[in-house]
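1. generate a structure from the sequence data that follows.
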Amino acid sequence: MGISISTFSKFRAEINCCSLRALVGHTINSLVTAGISIPSRSVSIVIADDETLRTLNLRYRGLNEVTDVLAFPNLADAEESRSHPRSTEHFYTGEDGHETLGEIIVSYPQIRRQSKEHANRPKDELALLIVHGFLHLLGYDHDGPAQEKAMWALQDTVLNTWSSCQSF
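-> Predicted coordinates for the structure are as follows:
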């Protein structure tokens, strides 16, 4: 699976792209071990600012507020779309329409704030949001209690085995 990582210049010194790639690889391996099928497609990660996330959140979700992570799945294949547990608008489509699993966009300033609120390190908050976004790309959501329980369990499965010594 190809992994494209773009980081706004003001955050580049704080992001370790090799560790982000390792996290995505670990996520894939953990999910496959848990019996989840992962399409062999590339994924794009963008480390952005608050204004970018606010703009995208307003445009695609109608919410004029900063959010921590947005995931734009490429479910261009109608058969694949029907098999996914959620049926929302598909925000992101790769140039070829089929090669890209989707795009995960995170607000690094929001990560900093949330890490203080949760008394953890920004790299741990970033790991949580990348895994969370990746699960959204696969069609998981947390709209109801049962969906949330399933998604959170998968997040925990991945993050509990992710080495906390990784540095972003």
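2. so who does the residue nearest to the spatial centre of the chain touch?
-> Note on the chain: the residue nearest the mean C-alpha position is residue 133, at 2.0 Å, using Cα atoms, centre = their mean. In this structure, residue 133 makes contact with 45, 69, 70, 71, 104, 105, 106, judged by Cβ atoms under 8 Å, 6 or more residues apart in numbering. Yep, even glycine has a C-beta here, placed from its N, CA and C like the rest.
3. neighbours of residue 134, how many?
-> A total of 26 residues lie near residue 134 under the criterion other Cβ atoms under 10 Å.
4. and for residue 3?
-> With other Cβ under 10 Å as criterion, residue 3 counts 17.
5. still on that earlier bit, need the phi and psi values for the residue nearest to the centre of the chain.
-> phi -60, psi -40 (degrees, to the nearest 10).
6. so for it, what's the nearest residue that isn't a sequence neighbour?
-> Spatially, and ignoring its direct neighbours in sequence, residue 133 is nearest to residue 104 (3.5 Å; Cβ to Cβ, 6 or more residues apart in numbering).
7. ranges for the helices of this protein?
-> All helices of the chain, identified by DSSP state H, fall at 17-33, 50-61, 78-83, 108-117, 122-137, 145-161.
8. which strands or helices does the second one pack on?
-> This means helix 50-61. strand 69-73, strand 100-107, helix 108-117 (3 or more Cβ pairs under 8 Å, 6 or more residues apart in numbering; DSSP states H and E).
9. and of these, who's closest to residue 54?
-> Relative to residue 54, the nearest member of the helices and strands packed on helix 50-61 by Cβ to Cβ is strand 100-107, separated by 8.3 Å.
10. neighbouring strands of that closest one in the sheet, and parallel or not?
-> strand 42-48 (parallel), strand 69-73 (antiparallel) (DSSP bridges).
11. tell me how far it lies from the chain's centre.
-> When distances are taken as Cα atoms, centre = their mean, to the nearest Å, strand 100-107 is centred 6 Å away from the chain's centroid.
12. and the angle from it to helix 17-33?
-> Strand 100-107 runs at 130 degrees relative to helix 17-33, counting by axes from the mean of the first three to the mean of the last three Cα atoms, to 10 degrees.
13. contact partners of strand 100-107?
-> Outside strand 100-107, the residues that reach it (Cβ under 8 Å, 6+ apart) are 1, 39, 41-50, 52-53, 56, 66-74, 92-94, 126, 129-130, 133-134, 136-138.
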